[in-house]
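J.: Coordinates for the following, if possible.
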Amino acid sequence: MDSGIAAVLGAAVGAVGGLGGSWFTLLGQRQQRRAERARWRDDMRRQAYTSLLDCCERLSAGWWVAADVLRSQRSDESLREERFLRTHELWTEFSTAVAAVSVAGPQPVAQAAEPLIDIMFELDSAGTDWRDAVRAGRQRGLTTFADRFDTAMEAIQAPRAAFRQAVREALGTD
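T.: Numbering: from 1, shown residues only. Predicted coordinates for the structure are as follows:
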């Protein structure tokens, strides 16, 4: 074989080998970026889901404390207002957590959050209406407000469990 042809063949084989190696490197980098993105997405989702569940727990606990104050005949206006303002702060945190879940997705988890959001809104509305009635000094009908509140508090369990199940499925931890 002529040395010129051998040199050309050697260069061609080297070029093909270099291109093949580069292709495998690019493929590996692409797979690594996909894995990192999936890990980031899962971490972001996990944080959003955990935050919503935490806010749900803290808001319902905050309303339990406020309800105890509302039920008490000896509580004063300043204590009722303090408890109410705390639930208002917790509602703001809950709303922020809801927005994070709706952005984080996926759609089945966001849809599973909707009944939980609805019942937490009902709980907040029932508690607020009850507080307003107490604040206005109305004695008649207070048990109706308390009953509505208690019903909402009991109704939280099923939507919260459904949301947790959707989260486990989305994260593949079920």
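
J.: Just list the residues touching the residue nearest the centre of the chain, thanks.
T.: In the chain, the centroid-proximal residue (C-alpha atoms, centre = their mean) is Y49; its distance is 3.1 Å. Contacts for Y49 (C-beta atoms under 8 Å, 6 or more residues apart in numbering) come out as V101, A104, V109, V167, A170, L171. From N, CA and C alone the C-beta is placed, and that goes for glycine too.

J.: C-terminal to the one helix or strand it maps to, what's the next element?
T.: Secondary structure assignment for Y49, by DSSP states H and E: helix 3-71. Per DSSP H and E, the first helix or strand lying C-terminal to helix 3-71 is helix 77-104.

J.: Pull out the buried residues from that next one.
T.: For helix 77-104, a neighbour-count test (16 or more other C-beta atoms under 10 Å) marks 80, 83-84, 86-87, 90-91, 94, 97-98, 100-102, 104 as buried.

J.: and of the residues you listed, the nearest to T151?
T.: Nearest to T151, judged by C-beta to C-beta, of the buried residues of helix 77-104 is T87 at 17.5 Å.

J.: Quick check: closest non-adjacent residue to the closest one.
T.: Nearest residue to T87, sequence neighbours excluded (C-beta to C-beta, 6 or more residues apart in numbering): G62, at 4.6 Å.

J.: Was I right to think the one you found contacts L85?
T.: No: counting by C-beta atoms under 8 Å, G62 stays clear of L85, with 10.2 Å between them.

J.: pLDDT weak spots in this protein?
T.: Where the chain drops to pLDDT under 70, the residues are 1, 6-29.

J.: change it to 80
T.: 1-31, 73-75, 139-141, 174 (pLDDT under 80).

J.: Please name the nearest non-neighbouring residue to A100.
T.: With C-beta to C-beta, 6+ apart, the residue lying closest to A100 is A48, at 4.0 Å.
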